[in-house]
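K.L.:
this is a predicted model, with the sequence first.
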Amino acid sequence: MAYGNYDERIIKVCEGIAALLQPVRIILFHSRFTLSGELEGFKLCVIVNQTDCYKMEQKIYLNVECDVSYDVLVYNRDLWDSLMSDPCSFASRGIQNGGVVLYESE
């Protein structure tokens, strides 16, 4: 579980999600900063083995707090694998190719 050298708040959210869901992977695909360089918000993609992504997303928002704004997209593993075969999908183009893996269980 190597989270890299990222803002402590991003790492805390990743740790919270990892403990809560035991995901396959967590990818940071966007972060927003103020003009002074302070973290203002970020977006994560969480890939899970569970099938009910909506329920997993709700679980994250209800249980993982952060003092900056964050968004989470949750994909189940089958859908994620399917989207990876389409180079034009947002998952492939915007998340996989433009993001950084912060957590991987395998």
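P.N.:
Noted; the coordinates are in hand.
K.L.:
list the contacts of the worst-scoring helix or strand of the chain on mean pLDDT.
P.N.:
Using mean pLDDT, DSSP states H and E, helix 90 stands out as the lowest-scoring helix or strand of the chain, at a mean of 88. Applying Cβ atoms under 8 Å, 6 or more residues apart in numbering, the contact partners of helix 90 are residue 83. Every residue, glycine included, has its C-beta placed from N, CA and C.
K.L.:
let me see the mean pLDDT of the helix or strand following that helix.
P.N.:
Next along the chain after helix 90, taking DSSP states H and E as the criterion, comes strand 100-104. Mean pLDDT, strand 100-104: 94.
K.L.:
cool, and stretch 7-25?
P.N.:
Averaged over stretch 7-25, pLDDT sits at 96.
K.L.:
report the distance from that stretch to the chain centre.
P.N.:
In terms of Cα atoms, centre = their mean, to the nearest Å, the centre of stretch 7-25 is found 8 Å from the chain centre.
K.L.:
please apply the same query to stretch 92-106.
P.N.:
Centroid separation between stretch 92-106 and its chain, computed with Cα atoms, centre = their mean, is 8 Å.
K.L.:
hmm, who's touching that stretch?
P.N.:
Contacts for stretch 92-106 (Cβ under 8 Å, 6+ apart): 1, 3-4, 6, 10-11, 14, 17-18, 22-30, 44-45, 73, 83-87.
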